[in-house]
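Engineer: I need the structure of the sequence given here:
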Amino acid sequence: MRLRPHHLLCTQGYSGKGYSEAFVKNMDAVVHRLRTEDKTPIELVFSTDDLCSCCPDMLDTDLCRENEKVKLFDRKTAEYFGLEEKTYIYQKLASYIRRHITPDMLADICHGCSWYPASACREKITGIK
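Structural biologist: Now for the predicted structure:
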């Protein structure tokens, strides 16, 4: 499975909403796997990934309708957590992020995300409502 850095946060905060029916169906399947398996290897990529593949905002490989914004989300996530393009175990990485993230870091990374104010990201990732 391929995931871009900021999708490490989206998959933890996801609560069943999305851009389209196809996107939600794919997101449901990916998140279910990540939340129910013990050791899911993921390839961290700084480009479009398995979630982007069903997003109506994906225009082409490594090209989103809001490319600058999603690249900034990725860059900030990678910088805060020292992430590289390589293979990780999702559950270990997600646990590491939850232990080290602060509400201010999450707000900084997700600034400008249309889902952040409408989702349960803050509570699910930081434990704070």
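
Engineer: Show me where this structure dips below the pLDDT cut-off.
Structural biologist: Low-confidence segments of the chain (pLDDT under 70): none present.

Engineer: number of nearby residues for the closest residue to residue 59 other than its chain neighbours?
Structural biologist: Of all residues not flanking residue 59 in the chain, residue 65 sits nearest, at 6.0 Å (Cβ to Cβ, 6 or more residues apart in numbering). In this view, the C-beta of every residue, glycine as well, is placed from N, C-alpha and C. A count of neighbours around residue 65, defined by other Cβ atoms under 10 Å, yields 11.

Engineer: Which helix or which strand is home to residue 124?
Structural biologist: Using DSSP states H and E, residue 124 falls within helix 121-126.

Engineer: Mind giving me the packing neighbours of that helix?
Structural biologist: Under the contact definition 3 or more Cβ pairs under 8 Å, 6 or more residues apart in numbering; DSSP states H and E, helix 121-126 sits against helix 7-13, helix 90-100, helix 103-110.

Engineer: Against residue 80, how distant is the residue nearest to residue 59?
Structural biologist: The gap separating residue 65 from residue 80 is 25 Å, by Cβ to Cβ, to the nearest Å.

Engineer: Spit out the contact partners of residue 128.
Structural biologist: Applying Cβ atoms under 8 Å, 6 or more residues apart in numbering, we find residue 128 in contact with 103, 122.

Engineer: Tell me the spacing between it and residue 120.
Structural biologist: Going from residue 128 to residue 120 by Cβ to Cβ gives 11 Å.

Engineer: Could you report the neighbour count for residue 61?
Structural biologist: Residue 61 is flanked by 9 other residues according to other Cβ under 10 Å.

Engineer: swap that for residue 25, please
Structural biologist: Using other Cβ under 10 Å, residue 25 has 12 other residues around it.

Engineer: which residues touch it?
Structural biologist: So residue 25 contacts residue 54 (Cβ under 8 Å, 6+ apart).

Engineer: So what does it look like in phi/psi?
Structural biologist: Main-chain torsions, residue 25, degrees, to the nearest 10: phi -60, psi -50.
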